[in-house]
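> Okay, predicted coordinates and the sequence, questions at the end:
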Amino acid sequence: MSVLQVRHVKKFFGKRLILDDVNFSIDAGNLHARINRSDIMNVLQVRHVKKFFGNQLILDDVNFSVDAGEILGIVGLSGCGKSTLARIIARLIDCDGGKIFLCGEDITHATGNAFYRNMQMIFQTPEDSFDPRRTLGASIAEPIKNFKSLELEALSFKENTPLKAQSSKLKAKVEKLLAEVGLSKNYAERYPREVSGGECQRAAIARAISVEPKLLICDEATSALDVTIQAQVVALIKNLCVKKNIACLFITHDLALLPKIADRVIVLHNGCIVEQGTPRQLITDAQSSFTRQLMATDFFATT
């Protein structure tokens, strides 16, 4: 006999989802509520997302969530919808059905850029994501200007001014970000063309974390790097997500990276999620025939 029962409770404040399908009960003499992990607020919730390009169905009823500090790997063959899904979540394109919640707020059809305060992307080719006419330091400082709040507001960003002429607080902030990604403060005055691909990607990561986002979207963020640098960048992303409690979507075609970075993996095939689990579960005990075929590589045979 339960003293209290809570069933399927939802609550919105405006468009912000505060409680989502909460279920628990408390028995007489038992003060511990039995709450499922799924009832805890997620950083990202993707619900029944669909996407068509013309008459072709690209994504079909995609559902998943990501918690703070969790790294979710997304894998599948080329053309399965991985990058399309990332672009939908990042609001670069619209979906044709479903909902997307970021930190409890419905951003499915959000306009403007305010929600990017909580979500940042790291792209495949970092050089293309930087303005070649600006130093790395100035580019890292740009999001701080765009999303001023609390501590960031006091940093006094000066428009069209080199980093070395900015306030000492802003310079110190950028130098701290560079140190967090393994770069010296001298890189603040370098241009994208003056650094290697790995160094440029580290600077891109520094820029992404500059506004302390809740979600990072890494779309093939290491595929353009050589193997040694790739491993270093993967370790960096994982460490930052754990340290700063950042949720992360890590989209890759390189299955060998999954055990090194992902807490959980979803497998996309023809626009549908066919399986999900930990990397080890998918490697050793995949339930889907497609997943078994995908995982049947020389790497995993020796892992």
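Yes, it's here. Numbers count the residues shown, from 1 in each chain.
> Can you name the residues that contact Lys82?
74-76, 219, 251, 253, 268 (CB atoms under 8 Å, 6 or more residues apart in numbering). Just so you know, the C-beta spots here come from the backbone N, C-alpha and C atoms, and that holds for glycine as well.
> ok, it to Leu249 distance?
10 Å (CB to CB, to the nearest Å).
> what is in contact with the two at once?
Common neighbours of Lys82 and Leu249 (CB under 8 Å, 6+ apart) are Ile74.
> what comes up buried for stretch 256-269?
257-259, 261-269 (16 or more other CB atoms under 10 Å).
> cool, and stretch 126-138?
Applying a neighbour-count criterion of 16+ other CB under 10 Å, the buried positions in stretch 126-138 are 126, 129-130, 134-138.
> repeat for stretch 171-190
Using 16+ other CB under 10 Å as the test for burial, stretch 171-190 gives 171, 173-175, 177-178, 180-183, 187-188, 190.
> Same question for stretch 109-123.
Residues of stretch 109-123 classed as buried: 115-123 (neighbour count, 16+ other CB under 10 Å).
> Quick check: mean pLDDT of stretch 22-36?
In this model, stretch 22-36 carries a mean pLDDT of 51.
> Ok, stretch 190-202 next?
Taken as a whole, stretch 190-202 has a mean pLDDT of 94.
> check contacts around Ala90.
Ala90 neighbours (CB under 8 Å, 6+ apart): 119, 121, 217.
> Skipping its backbone neighbours, what lies nearest Ser139 in space?
Nearest non-adjacent residue to Ser139, counting by CB to CB, 6 or more residues apart in numbering: Phe130, 5.2 Å away.
> Spatially, and excluding backbone neighbours, which residue is closest to Gly76.
Leaving aside its sequence neighbours, Gly76 sits nearest to Leu268 (CB to CB, 6+ apart; 3.6 Å).
> wait, is the one you found part of a strand?
Yes: the assignment for Leu268 (DSSP: H, G, I helix; E, B strand; the rest coil) places it in a strand.
> these two touch, right, it and Gly79?
No: Leu268 is not in contact with Gly79 according to CB atoms under 8 Å; the separation is 9.9 Å.
> who are the neighbours in contact with Asn42?
By CB under 8 Å, 6+ apart, the contact set of Asn42 is 65-67, 101, 247.
> Go through those and single out the one with the most neighbours.
Using other CB atoms under 10 Å as the neighbour criterion, Ala247 leads the contacts of Asn42 with 25 neighbours.
> quick one: the spatially closest residue to that residue that is not a sequence neighbour and Asp128, what's the gap?
In space, Ala247 comes closest to Val43 once its chain neighbours are excluded; the distance is 3.8 Å by CB to CB, 6+ apart. Using CB to CB, Val43 is found at 27 Å from Asp128.
> mind putting the buried residues of stretch 126-138 in TSV, secondary structure, distance to Val6 and pLDDT included?
Listed next are those as TSV, based on DSSP: H, G, I helix; E, B strand; the rest coil; distance: CB to CB, whole Å; pLDDT from 0 to 100:
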residue	secondary structure	distance to Val6	pLDDT
Pro126	helix	47	86
Ser129	helix	45	88
Phe130	coil	49	93
Arg134	coil	52	91
Thr135	coil	54	93
Leu136	helix	50	94
Gly137	helix	51	92
Ala138	helix	51	90
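> which one of these is nearest Ala204?
Nearest to Ala204 among the buried residues of stretch 126-138: Pro126, at 4.2 Å, using CB to CB.
> Gln201 is in contact with that closest one, correct?
Yes: contact criterion CB under 8 Å: Pro126 and Gln201 qualify, at 4.4 Å.
> just checking, which of the contacts of Asn42 belong to helices?
If you go by DSSP state H, these have nothing in helices.
> Make JSON lines out of those residues and add pLDDT and distance to Ile93.
Converted to JSON lines, the contacts of Asn42 look like this (pLDDT from 0 to 100; distance: CB to CB, whole Å):
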{"residue": "Ser65", "pLDDT": "95", "distance to Ile93": "21"}
{"residue": "Val66", "pLDDT": "95", "distance to Ile93": "20"}
{"residue": "Asp67", "pLDDT": "94", "distance to Ile93": "25"}
{"residue": "Phe101", "pLDDT": "95", "distance to Ile93": "18"}
{"residue": "Ala247", "pLDDT": "96", "distance to Ile93": "21"}
